[in-house]
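> Sharing a model prediction with you, sequence too.
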Amino acid sequence: MEQDAIVIRLTGDSGDGVQLVGEQLTITAALTGKAVQTLPDFPAEIRAPAGTVAGVSGFQLAMAEHAIFTAGEELDVLVALNPAALKQALSYLKSGGLLILNEDNMDEKDWEKAKSSAQLLQGASEYYQVLSLPLITNTLAALAELELTHAQAKKSKNFYVLGVVLWLFDLPLENSYAFITKKFQANEQIVKANSLALRAGYDYAMTLELARSRYIVGGLTRDAGEYRQLTGVEGVAMAVATMAATTGVQVLVSGYPITPSSAILQECAKLADFGVHLLQAEDEIAALCACLGAAFGGRLALTCTSGPGMSLKSEGLGLAVVSELPLVLVDVQRAGASTGLPTKTGQCDLQQALYGRHGEAPLPVFAAKSPADCFNTVLQAFTIAIKYMTPVIVLLDAYLANAAEPWQIPELADLHSTPIDFNRSALPFKRDDNLARSWNVPGTPGFIHQLGGLEKQGDAGSVSYDADNHQQMVNTRAQKVAGIAREYAPLIIDGNSTAEILLVGWGSTYGALKSAVNQCALDGLAIALLHIRELNPLPHDLREHLRAYAHILVAELNSGQFCQVLRAKYLVNARSITQCNGLPFTTSYLVSAIKAEMSHAKDCLSA
């Protein structure tokens with residue numbers, strides 16, 4: 001009997017290779033036609049003590065035979081490689097679920113490191129199907145024929161775990177064999193060790209005769225085409241390479257390492273052959289200013305940061321606004337304030353993106369809704385930056401950056417990018433119909449000009465301190481950004497468009513909101529869903545949609561920042577559903593919050 005959907009979480013020390021196992025499981029499931037959603041969970045401390053809760057690394061995967069929108073909530077299977085991992089994740093395992101334990105790491109000293117005791121497992125067999133295996137012992141036995149040290153052989157235990165899980169979900173080994181061969185091709189012994197461990201884990205699970213039918217789902221019928229697994233970080237890098245390839249203009253990617261946006265720098269470092277050049281700057285200010293220099297010189301430019309780094313870039317962004325230079329800033333939001341929770345997710349930078357510059361310095365702000373949508377959103381940001389000669393902010397978050405989903409690779413002919421028209425006018429501030437100035441490349445005969453942060457006047461961009469002129473320039477820059485809304489596609493209402501309740505969201509919350517709306521429908525509560533990508537300027541048709549519903553609920557991973565924007569701009573009685581715990585929304589939390597808000601609204605009407 002096939003199950004509708006299953007959820008597994010792999011947990012262990014950050015050195016146990018949990019993320020690698022999760023990635024391979026995701027790829028294999030996707031290649032066999034399953035719908036998958038993932039939720040990697042990294043420890044915040046780089047070198048947390050082994051065996052402690054602070055050092056636990058996790059990877060959650062949901063797979064189904066139909067479209068799914070989150071990585072799940074309750075676990076069907078939990079793999080815990082030490083007591084700390086068990087302590088962190090056991091509460092999420094549903095009654096009757098499968099608990100896989102590494103008994104080689106369940107000694108008294110291991111429990112002490114986790115500040116727990118073996119009593120945590122007392123009575124576990126009454127609630128869960130418990131599989132306790134000597135993981136390290138079995139791995140060493142499987143590799144006994146190889147001339148490896150104990151430490152070397154022990155490192156293959158993650159592939160032993162992968163073999164067990166692949167058998168449990170009736171997934172093939174071939175893809176993992178190919179991965180091992182490619183990744184470790186420089187060391188034939190390691191290739192043999194990991195391959196043997198993978199097979200040994202698979203065979204071990206086979207001999208146990210587990211009731212694996214509970215954990216098997218069918219395949220998903222997808223549109224014909226070529227697919228690959230894509231994380232948000234990879235989506236950003238793919239978009240950068242696409243811009244370089246389709247425009248023929250080289251791209252500078254400049255940044256300063258900061259979690260979780262550093263992964264964008266690492267991914268873009270692989271793209272030199274596509275005309276993408278990477279600069280690791282000495283600080284956040286220099287990273288943005290390097291992009292200003294590239295844009296001034298007639299090149300495309302992207303800078304990336306997270307949390308505190310966004311604050312440091314604010315002065316440079318103001319210079320970009322006044323100079324009217326095209327560049328893209330990707331902010332991978334994390335839970336703050338200050339250093340906050342570097343590896344945890346949040347949507348707390350929205351008001352900083354909208355208003356975090358001195359003076360009147362408006363610019364477009366977009367937000368991707370899924371890992372695959374990161375590709376589309378960054379392409380859109382570049383297109384707008386070029387067409388309107390403006391910096392553009394793209395908001396991602398830690399969840400989007402690391403999560404993965406199957407992505408249908410688009411045909412190059414289907415990707416429409418704005419042609420770059422350099423040196424349109426000899427006068428750099430002569431504006432077109434979009435109020436965009438001419439992008440003049442320094443050194444081009446007949447197009448010599450100066451550019452800076454002082455206020456401009458006239459088509460030549462002469463420095464001016466005139467009061468009336470400054471007012472005019474403030475108005476012009478604001479009108480230019482406001483006009484970008486004409487580029488947007490019409491908003492789409494999901495769910496039940498005739499409902500009285502409109503649920504509004506932005507960014508990475510899309511999957512959870514979609515699942516919550518579907519669950520509410522099953523519970524007899526009709527809800528319409530409006531998810532917004534363009535946060536500034538807001539879409540022209542947003543006002544009419546908001547006015548069409550009696551109740552508006554705005555769900556976001558902050559204290560209600562977007563809700564405040566909607567209330568102020570449209571004077572609607574929008575109410576917030578918020579969460580600031582460093583985790584994505586769960587479906588159950590949203591459904592409970594929606595029902596509580598509606599119950600409160602009814603009480604107010606009857607009072």
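Ah, there it is.

> residue contacts, Pro43?
Neighbour list for Pro43: Ser14, Ala54, Gly55, Val56, Ser57, Thr343 [criterion: CB atoms under 8 Å, 6 or more residues apart in numbering]. From N, CA and C alone the C-beta is placed, and that goes for glycine too.

> is it true that the second one touches Ala48?
Okay, so that is Ala54. Yes: with contact defined as CB atoms under 8 Å, Ala54 counts as touching Ala48 (4.1 Å).

> Which one's more surrounded, the two?
Per other CB atoms under 10 Å, whichever of Ala54 and Ala48 has more neighbours is Ala48, with 17 against 13.

> how about the nearest residue to that one, chain neighbours excluded?
Once flanking residues are discounted, Ala48 sits nearest to Gly55: 3.4 Å by CB to CB, 6 or more residues apart in numbering.

> Keeping just the C-alphas, turn stretch 158-175 into CSV.
Extracted in CSV, the C-alpha atoms of stretch 158-175 (Å, rounded to 0.1, in the frame of the first residue of the first chain):
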residue,chain,number,x,y,z
ASN,A,158,27.1,8.4,6.4
PHE,A,159,27.0,6.3,3.2
TYR,A,160,26.0,3.3,5.3
VAL,A,161,23.1,5.3,6.6
LEU,A,162,22.2,6.4,3.1
GLY,A,163,22.1,2.8,2.0
VAL,A,164,19.6,2.0,4.8
VAL,A,165,17.4,4.9,3.9
LEU,A,166,17.5,4.2,0.2
TRP,A,167,16.3,0.7,0.8
LEU,A,168,13.6,1.9,3.1
PHE,A,169,12.1,4.2,0.5
ASP,A,170,12.7,1.7,-2.4
LEU,A,171,15.1,4.0,-4.1
PRO,A,172,17.9,2.9,-6.4
LEU,A,173,21.7,2.9,-5.6
GLU,A,174,23.0,3.9,-9.0
ASN,A,175,22.8,7.6,-8.6
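
> tell me the mean pLDDT for that stretch?
For stretch 158-175, mean pLDDT rounds to 95.

> what separates it from the chain centre, distance-wise?
26 Å (CA atoms, centre = their mean, to the nearest Å).

> before we move on, what about stretch 165-183?
25 Å.

> Not counting it itself, show me its contacts.
6, 8, 10, 21, 24-25, 27-29, 31-32, 63, 77, 79, 98, 159, 162-163, 191, 194-195, 198-199, 201-202, 205-206, 210, 212, 215-216.

> What residues sit buried inside it?
When neighbours are counted by 16 or more other CB atoms under 10 Å, the buried residues of stretch 165-183 are found to be Val165, Leu166, Trp167, Leu168, Phe169, Leu171, Leu173, Asn175, Ser176, Phe179, Ile180.

> for the residues you listed, which one is nearest Ser592?
Phe169 (30.6 Å; CB to CB).

> what does the model give Thr221 for pLDDT?
Thr221 carries a pLDDT score of 67 in this model.

> Could you measure from Met473 over to Gln457?
As judged by CB to CB, to the nearest Å, Met473 and Gln457 stand 8 Å apart.

> Oh, that last question was meant for Leu75, not what I typed.
Applying CB to CB, the value for Leu75 to Gln457 is 63 Å.

> which one of the two has more residues nearby?
Using other CB under 10 Å, the more surrounded residue of Leu75 and Gln457 is Leu75, with 23 against 18.

> residue contacts, that one?
Val7, Ile8, Arg9, Gln60, Ala89, Tyr92, Leu93, Lys94, Gly97.

> If we ignore the residues flanking it in sequence, what's nearest Met243?
Here the residue nearest Met243, using CB to CB, 6+ apart, is Phe382, at 5.1 Å.

> in the stretch 151-300 of the chain, which spans are strands?
227-231, 251-255, 276-280, 300-305 (DSSP state E, counting those that start in this stretch).

> Over to the stretch 301-450 of the chain?
Counting by DSSP E, counting those that start in this stretch, the strands of the stretch 301-450 of the chain are 327-333, 365-367, 391-397, 404-408.

> So which of the ones you listed is the most surrounded?
strand 327-333 (a mean of 29; mean count of other CB atoms under 10 Å).

> Could the C-alpha coordinates of it be exported in CSV?
Output in CSV follows, covering the C-alpha atoms of strand 327-333 (Å, rounded to 0.1, in the frame of the first residue of the first chain):
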residue,chain,number,x,y,z
LEU,A,327,23.1,46.8,-9.8
VAL,A,328,21.4,44.0,-7.9
LEU,A,329,21.8,43.4,-4.1
VAL,A,330,20.7,40.0,-2.8
ASP,A,331,20.0,40.0,0.9
VAL,A,332,19.7,36.5,2.4
GLN,A,333,17.9,37.3,5.5
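
> What helices and strands are in contact with that strand?
Contacts defined by 3 or more CB pairs under 8 Å, 6 or more residues apart in numbering; DSSP states H and E place strand 327-333 against helix 284-296, strand 300-305, helix 371-388, strand 391-397, helix 398-402.

> Adding mean pLDDT and distance to Leu583, write the ones you listed out as a markdown table.
Formatted as a markdown table, those follow (pLDDT from 0 to 100; distance: least, CB to CB, whole Å):
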| stretch | mean pLDDT | distance to Leu583 |
| --- | --- | --- |
| helix 284-296 | 98 | 27 |
| strand 300-305 | 98 | 22 |
| helix 371-388 | 97 | 17 |
| strand 391-397 | 98 | 11 |
| helix 398-402 | 95 | 8 |
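
> a markdown table please, covering those and showing distance to Val328.
Below are those laid out as a markdown table (distance: least, CB to CB, whole Å):
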| stretch | distance to Val328 |
| --- | --- |
| helix 284-296 | 8 |
| strand 300-305 | 5 |
| helix 371-388 | 5 |
| strand 391-397 | 5 |
| helix 398-402 | 16 |
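
> so which of these comes closest to Leu363?
Short answer: strand 391-397, nearest of the helices and strands packed on strand 327-333 by CB to CB, at 5.2 Å.

> Fine by me, thanks again.
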